[in-house]
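1. Sharing a sequence plus its predicted fold:
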Amino acid sequence: MKNRAFTIVELLGVIVILAILVLLAVPTYNKVLETVRQSQYDTKIENIKSKAYTYATENNIDSDIISVNKLIEMGYLLEEKPDNADYEKIENPLGGYLDLYCVNIIRNGLEYDITIDTDSSKCSVEDENISQNINILAYEIEDNKIGASIFRNEDEFNWTGKDVILFADLSLVPEEDMPEEIVATWSSSTDNEEKTSPILTDLTTLTNVNEANYSNIYIVKTDNLLNNEYSFTINLKSGPALKKARIKIDKEKPFVQTSVSATWSDGNKDATLVGSDGLGSGIKGFFVTSNPNYTPSASDFNVPVDLNVGEDMAKVRVDVGGYYTYVMDNVGNISQVSNFEISNIDKTGPTCLYPVDNDTWRLSFSYTYGCSSDSGTGCKCTSKNGEVECNDNTTSYKVDITSTKVYDVVDWYVYDNLGNSTHCTKTVNTLVDTTPPYCPSYQKYNVKTSTSGLKVTFQTKDDHSGISPSSFTKTNLRDGLHTFKIYDNLGNEGTCSVRVYAQPQVRSRYCNTGERCEAAGCEEVKMCPTHSDETLTSCDSGGGNQMCTSCSDPQNQTGCTEYPCNDGFSGSDCESANSGSSNPSHSYEDGEEECGCDLYYECASKCGCASWGSWSGWRDGSRGCSASGCDDCENDHRTVYY
């Protein structure tokens, strides 16, 4: 197949189609481009309004007409084209520049109505420059005289609590620009006054404010609060010149409120002071006193506003009591007094619940210690005796004394619900006696003499509650351990014991021997028969008998040692023992030794007539310690106790 080129007709057809398409697309493109530019323009206008709103709120504007160029100069708007010529800094997307657009600002309640006027003739930059030659000065009026200046910065003045005199200073206006006939207007949102009087060039020459009849002077008065913008307009030869000044007079008293936390605290509390001055000059400081009769002066307000607490707020730390608060605004107005109470502060520990002493001896006793009361947050807990910290929320403990104890020492701590503590201690008289009484000593009577038993007196004692009587006596106590119960004044039972021992004894009587019968081994002693051997010849002649004192064979009476005896008869052997005695007793020979007895006492102690009593107690009248009377040697048994 051969290659074939487009014909002229075909090419013309394609061109016609393309042309039709272009004709259809261009209007659409232009419309889209216009929409984009309009959107950009609207965005810039809204940005200008937003910056104008910021300018109005920051400068408290009531009404104003200001150029976009002025907003640029004051820094509210940024230059888009900083290298361009004057008044060509912000480009208009629809063509040209926005620098000479006018911004109309009017206060509407707490908001502003802001509109943009594209007619630059209504917002002449030249008029703004002319106005720069006019300054408005403001002074307080004191006793109809000019007082202190309230100037702060350009077109802005401080708050004051006094009436104000405004002075439009025209000294910078060129003389050739001043009109021959003065026409000046002072206006505000509430007033408009035109003046044609002369111009005052030197304010210091004014001695009486009430006589200030000049076009460039205006008196601002109020009885309460004023925050208004005043405009001074004068028709110069070059055109009208406008200058504005915002005057703020505050004669209203501020208001103060105080808030205090109701929660308990273990230290001084923060009282939050809140001042309010409405739309006035603002809060400068606070004064707090506990004296209800004190009237503060400006120098007393030593509590400044603390922005860390809040705007127009401060804090003071105070103790329990009643307080009176004042607030002062920035121009010196002092509020009415506001009082508040500080309570619920607990800096001290609770009071102790001390145990009650026991006043009489008992078998048992109970006492309670702990936390009695707390004037603040109340008792929280009590530590155990001897401890510092609480183990739980127990506020008191009961102690039972069931064994002997005269006193008890208690040492504890009590805590309230804020942690305040009190150290408590007391020695408690418990007077509990469970100890038995006892007998510290006893006395025995008739020891080793009584045959019917001992008499014993016991001494009783109780170391605590006491015992009565202090002694008791028992009689006829014989061999063995004797135990007796005793009771103290509380009924505690004790015992007293004594051991009595028995001692059997044997006595010999009616014996006439050199030895005791028992020691000689004789059951009885009888008279020996008469013998005719040599050993008895000396006694036979006297007719005496012999007594056998030692018999190897008592039954047969043999083996007797014979002693010569003399019963009052003379004889060489007994003569020495009997001589000189008015009541002679017998003499005995024991083989080697003679015992001579003149009296019964001597005879009894030497010759064996042992006695437990006196002569009369053992001698039956006729019998004595003699050969004729001592027929036998009787053993008398008895038992004594010790």
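-> All right, it came through fine.

2. going forward, measure contacts and count neighbours with C-alpha atoms only.
-> Fine.

3. wait, what's in contact with N235?
-> P179, I182, V183, A184, A241 (Cα atoms under 8 Å, 6 or more residues apart in numbering).

4. Could you measure from A271 over to V318?
-> Applying Cα to Cα, to the nearest Å, the value for A271 to V318 is 7 Å.

5. again, but for V456
-> Distance, V456 to V318, by Cα to Cα: 83 Å.

6. Distance of the closest residue to V220 other than its chain neighbours relative to I150?
-> Spatially, and ignoring its direct neighbours in sequence, V220 is nearest to V164 (5.1 Å; Cα to Cα, 6 or more residues apart in numbering). Here the criterion is Cα to Cα. By it, V164 lies 9 Å from I150.

7. residues touching the residue nearest to V220, list them.
-> A138, Y139, E140, I141, I219, V220, K221, I249.

8. Return the member of the residues you listed nearest to V260.
-> V260 lies nearest to I249 out of these, by Cα to Cα, at 33.1 Å.

9. pLDDT score for the closest one?
-> For I249, the pLDDT comes out at 92.

10. now the contacts of V164: which count as buried?
-> A138, Y139, E140, I141, V220, I249 (16 or more other Cα atoms under 10 Å).

11. Would you confirm that the last one contacts F157?
-> No: counting by Cα atoms under 8 Å, I249 sits too far from F157 to count as a contact (10.1 Å).

12. Where does the prediction get shaky in this structure?
-> Within the chain, the stretches with pLDDT under 70 are 1-4, 29, 120-131, 154-155, 507-636.

13. Find the centremost residue of it, please.
-> In the chain, the residue lying closest to the centroid (Cα atoms, centre = their mean) is N420, at 1.3 Å.

14. Could you report the distance from it to K380?
-> N420 is 10 Å from K380, by Cα to Cα.

15. now do E73
-> Taking Cα to Cα as the measure, E73 falls 70 Å from K380.

16. same question, T639
-> 79 Å.

17. Name the residue in these two with the higher neighbour count.
-> K380 (22 against 15; other Cα atoms under 10 Å).

18. Quick check: closest non-adjacent residue to that one.
-> Closest to K380 by Cα to Cα, 6+ apart is D416, at 4.7 Å.

19. Of A271 and V318, which one has the most company?
-> A271 (19 against 15).

20. so what does the top helix by length along the chain touch, helix or strand wise?
-> For the chain, the helix with the greatest residue count under DSSP state H is helix 8-58. Other helices and strands packing on helix 8-58, by 3 or more Cα pairs under 8 Å, 6 or more residues apart in numbering; DSSP states H and E, are helix 68-73, strand 102-108, strand 111-117.

21. Would you format these as JSON lines with distance to K284 included?
-> Formatted as JSON lines, these follow (distance: least, Cα to Cα, whole Å):
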{"stretch": "helix 68-73", "distance to K284": "32"}
{"stretch": "strand 102-108", "distance to K284": "28"}
{"stretch": "strand 111-117", "distance to K284": "27"}
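
22. Now tabulate those in TSV and tack on mean neighbour count and distance to E34.
-> Formatted as TSV, the helices and strands packed on helix 8-58 follow (neighbours: other Cα atoms under 10 Å; distance: least, Cα to Cα, whole Å):
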stretch	mean neighbour count	distance to E34
helix 68-73	19	24
strand 102-108	19	24
strand 111-117	16	21
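
23. can you tell me how far the residue nearest to V220 sits from G147?
-> Counting by Cα to Cα - V164 and G147 are separated by 9 Å.

24. how deep is V16 tucked in, by neighbour count?
-> For V16, using other Cα under 10 Å, the count is 11.

25. most neighbours, which of the contacts of N235?
-> Neighbour-wise, these (other Cα under 10 Å) top out at A184, 25 neighbours.

26. where's the nearest residue to that residue once chain neighbours are set aside, which helix or strand?
-> In this structure, A184 finds its nearest non-sequential neighbour in I234, 4.4 Å apart by Cα to Cα, 6+ apart. According to DSSP states H and E, I234 maps onto strand 225-236.

27. Convert that strand to CSV, retaining C-alpha atoms only.
-> Coordinates of each C-alpha in strand 225-236 appear next as CSV, following Å, rounded to 0.1, in the frame of the first residue of the first chain:
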residue,chain,number,x,y,z
LEU,A,225,-16.5,56.3,84.5
LEU,A,226,-15.4,57.6,81.1
ASN,A,227,-13.3,55.9,78.4
ASN,A,228,-13.8,57.9,75.3
GLU,A,229,-12.0,59.0,72.2
TYR,A,230,-12.0,62.8,71.5
SER,A,231,-11.3,64.2,68.1
PHE,A,232,-10.0,67.7,67.4
THR,A,233,-10.6,69.0,63.9
ILE,A,234,-9.4,72.3,62.6
ASN,A,235,-9.7,73.7,59.1
LEU,A,236,-6.3,74.8,58.1
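
28. Give the pairing partners of whichever helix or strand comes after that strand; include direction for each.
-> Using DSSP H and E, the helix or strand that follows strand 225-236 towards the C-terminus is strand 239-250. Within its sheet, and counting by DSSP bridges, strand 239-250 is paired with strand 156-160 (parallel), strand 225-236 (antiparallel).

29. and after the first one, which helix or strand comes next?
-> For strand 156-160, the succeeding helix or strand toward the C-terminus, using DSSP H and E, is strand 164-169.

30. residue contacts, P254?
-> Contact analysis of P254 by Cα under 8 Å, 6+ apart lists G275, S276, D277, G278, I283, V327, M328, D329, N333, I334, S335.

31. ok, now how distant is it from K162?
-> Taking Cα to Cα, one finds P254 at 16 Å from K162.

32. cool, and A212?
-> For A212, the distance to K162 - Cα to Cα - is 17 Å.

33. same deal with P296?
-> P296 is 20 Å from K162, by Cα to Cα.

34. Could you check which of those two is surrounded by more residues?
-> Neighbours per residue (other Cα under 10 Å) separate P296 from K162, with K162 holding more: 20 against 17.

35. residue contacts, the more buried one?
-> Contacts of K162 by Cα under 8 Å, 6+ apart are E140, I141, E142, I249, D250, K251.

36. now with 6 Å?
-> E140 (Cα atoms under 6 Å, 6 or more residues apart in numbering).

37. what's the domain layout of this protein?
-> The record's domain parsing of the chain by automatic domain parsing lists 8-122, 125-250, 255-342, 351-432, 438-500, 504-641.
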